[in-house]
Every structure is written in C-alpha cells, then in structure tokens.
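Student: Starting from these lines, generate the structure:
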Amino acid sequence: WLCNATVIDKTNFTATGQNSTTIQAYYALNVSSLIDFGDMAVGDTKTNISANITNFGNRDINISVNGYGAVSGDGLAMKCAIRNITLPNLKYSINESDGSNWGSMPSLTNNPINITGLTVPKRITDVVWNQTYWHLYINPAENPFGVCNGTVVFTAWSSV
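Tutor: You can find the predicted model right below:
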C-alpha cells in the first residue's frame, strides 16, 4: 500500500507526507450459525443441510474441517443423551447434488482435512461466500437417543 497525505491547518500551513507499507495476509472466516439436522430417528439419513462460509480476510482461502462430539479427538460426530454418533456417520460435500451419493462423500474426521475444490475468494466489494452441504446418518448399530450435539471446526488456510 502507498499512502499520500496532505494536511492544511487553519493558518494555511501545509505539510505533505508519503509512506508505503505491506499489509500482511489476514485469514478470517465466518460460518453460518448452526448445522441443524432437526429431529431424526434411528436409521434416518438427512442430506444437504447447508453451512455458508464467508471470507472476511484479505486473501483467497481454502477450508479444512474436523470435528468432535464432546472433546477434541473423541471420534464422535455427536455426543447424545444416550450413546453417540461416530464420525463416519457425518459427511460433507461442496455439491448439493451429492446428497444421494453417500458412499463417495468424505466423512468428518478428528484431524483437519482440506475440502477439495473449495476456495472462497477474498472480498473485493460484495460479501463472498461458498457453501458446504452436510449429511447425517443415524446408524442403528449405534442406536443413539435423545438430544445430540457436536462441533464442526472450519479452518481458513492458503497455499500461497
């Protein structure tokens, strides 16, 4: 950035100055408030619950995701009142049309995984956002019951 400034006071004294600086990379994102699957029964699959990602930084960003039920690294997608939902039962995609393609979608994991093909451009004038689509299966083998909650961690990063 290059800044030129001219100041004139009440007595018409004038001073000018010039300076240049580099603005460091700033990575910042906002994600829609909740990924809410609503009420589901054992054996149900719910698809295409969207989460919007907005880039508030000054560089294009890539996104990685990971998750947990109660504490980081617990192997759970959701901690429930009775039993739990494991990570392989929560999947994501960047294509809404993947909703019927359960087997080919990546599952959430304990460790951050880059969402292939998802880049959110830096904001120039308008708000720029991109969507992810989330899919949850209530596995009868796990037989969870009651209110279930989990955490999905979205991380902004850049390869440049």
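Student: Surely residue 152 touches residue 67?
Tutor: Yes. Using C-beta atoms under 8 Å, residue 152 is in contact with residue 67, at 4.6 Å. Using the backbone N, CA and C atoms, a C-beta is placed for each residue, glycine as well.
Student: Among those two, which residue is more densely surrounded?
Tutor: residue 67 (23 against 18; other C-beta atoms under 10 Å).
Student: you'd agree the more buried one is up against residue 153?
Tutor: Yes. Under the criterion of C-beta under 8 Å, residue 67 makes contact with residue 153 at 6.3 Å.
Student: for the spatially most central residue of the chain, what are its contacts?
Tutor: Among the residues of the chain, the one closest to the centroid is residue 154, at 3.6 Å (C-alpha atoms, centre = their mean). Contact analysis of residue 154 by C-beta atoms under 8 Å, 6 or more residues apart in numbering lists 29, 31, 51, 53, 63-65.
Student: Walking through the protein, point out its strands one by one.
Tutor: 2-8, 14-20, 29-31, 45-55, 61-68, 76-82, 84-86, 90-93, 113-120, 129-137, 145-149, 151-157 (DSSP state E).
Student: can you list residues touching both of residue 152 and residue 67?
Tutor: 90, 108.
Student: so the residue nearest to the centre of the chain bridges to which residues?
Tutor: Following DSSP bridges, residue 154 is listed with bridge partners residue 65.
Student: Low-confidence bits of this protein, can you list those?
Tutor: By pLDDT under 70, the weakly predicted segments of the chain are 99, 128.
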